[in-house]
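> got a predicted structure here, sequence first:
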Amino acid sequence: MLTKHIWGLLLNALLPRTCAHCAEDLPAGTEQPLCGACLTSLERPAGPLCPVCGLPGADGPCPACREAPRPFDLARSAFLFTPPLRSLTHAFKYSGRTSLARPLALLMAAELPRCPELGTFDAVVPVPLHPSRERRRGYNQAALLARELAGLSGSSFEPGAVRRVRETRPQVDLRRRERLENVRGAFEAGPGAKGRRFLVVDDVATTLATAGDAARALKEAGAAGAAVFTLAREA
Ligand SMILES: [Zn+2]
Ligand SMILES: [Zn+2]
């Protein structure tokens with residue numbers, strides 16, 4: 001795993017600096033992973049949002065939030081999951097480009113003031129990754145984002161606040177209801193959660209089932225609040 005990590009670092013250093021989406025050359029010295037055009041093309045969730053899960057285009061709570069109460073207080077995302085963000089998260093998750101954590105967290109931090117409804121929080125918690133995934137990948141991309149975001153927002157990074165207590169099947173290929181059942185009861189939070197407000201961080205929001213389960217565990221342990229913030233939202 002260490003060899004894989006070092007190899008990834010080496011590749012990052014040796015590869016020419018090009019836009020992670022369109023492969024346009026990047027200006028020397030930039031930390032940005034996207035070229036100017038791709039960066040300005042990023043879309044924010046706009047218009048009326050579901051007040052609970054942040055889904056765009058909802059007039060009041062969306063069907064999913066009406067169907068079942070969400071375990072989190074609310075969820076918001078920095079951007080919509082458009083092609084440039086797909087390329088970025090793919091490079092971040094599957095190509096070992098862990099150096100993307102910082103620029104991606106900077107993008108997220110810049111969007112936080114747009115979502116004042118998320119409120120204040122004492123600690124930032126990543127959505128735990130499925131253990132077999134983390135073993136294969138060597139890192140949890142949500143934890144890398146959460147650590148950077150905690151630093152940028154001046155709150156404490158607490159990756160151990162929610163931990164997995166039983167194995168669940170990977171979420172890929174499961175239907176929505178199966179996903180909800182698959183993660184239910186999979187997490188546990190410690191007594192340290194009592195009375196505190198948490199920001200649960202993930203890279204991409206799809207069903208929000210896993211983030212919801214992490215929030216549920218925090219609430220069951222007495223947390224005063226659990227809001228979810230993700231880099232991207234799959235609409
Ligand atoms: Zn580009
Ligand atoms: Zn909703």
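Structure's in. What do you need? Ligands and ions are numbered 1, 2, ... in the order given.

> once you drop chain neighbours, what's closest to the residue nearest in space to the middle of the chain?
By Cα atoms, centre = their mean, the chain has its centre lying nearest to D202, at 1.6 Å. The shortest distance from D202 to any residue other than its chain neighbours is 4.3 Å, reached at V127 (Cβ to Cβ, 6 or more residues apart in numbering). Where C-beta positions appear, they are placed from N, C-alpha and C, glycine not excepted.

> what's around the one you found, how many residues?
The criterion is other Cβ atoms under 10 Å. On that basis, V127 has 27 neighbouring residues.

> follow-up on the earlier one: parallel or antiparallel, list what pairs with the helix or strand containing the residue nearest to the centre of the chain.
For D202, the enclosing helix or strand under DSSP states H and E is strand 197-205. The pairing partners recorded for strand 197-205 under DSSP bridges are strand 123-126 (parallel), strand 225-233 (parallel).

> for the helix or strand just after the shortest one, buried residues please.
On the C-terminal side of strand 123-126, the closest following helix or strand by DSSP H and E is helix 131-137. Residues of helix 131-137 classed as buried by neighbour count (16 or more other Cβ atoms under 10 Å): R137.

> what's near enough to touch P71?
G212, D213, A215, R216, K219, A226 (Cβ atoms under 8 Å, 6 or more residues apart in numbering).

> one more: A37?
With Cβ under 8 Å, 6+ apart, A37 has these contacts: C22, E24.

> same question for T18.
Residues counted as contacts of T18 (Cβ under 8 Å, 6+ apart) are E24, D25, L26.

> try 6 Å
Contacts here follow Cβ atoms under 6 Å, 6 or more residues apart in numbering; on that basis T18 touches D25.

> chain center to the strand holding D202: distance?
5 Å (Cα atoms, centre = their mean, to the nearest Å).

> with just CA atoms, put that strand into CSV.
Extracted in CSV, the C-alpha atoms of strand 197-205 (Å, rounded to 0.1, in the frame of the first residue of the first chain):
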residue,chain,number,x,y,z
ARG,A,197,-22.7,20.1,16.5
PHE,A,198,-21.1,18.2,13.6
LEU,A,199,-20.5,18.9,10.0
VAL,A,200,-20.5,15.5,8.2
VAL,A,201,-18.4,15.7,5.0
ASP,A,202,-18.5,13.6,1.9
ASP,A,203,-17.3,14.0,-1.7
VAL,A,204,-20.5,13.3,-3.7
ALA,A,205,-24.1,13.3,-2.5
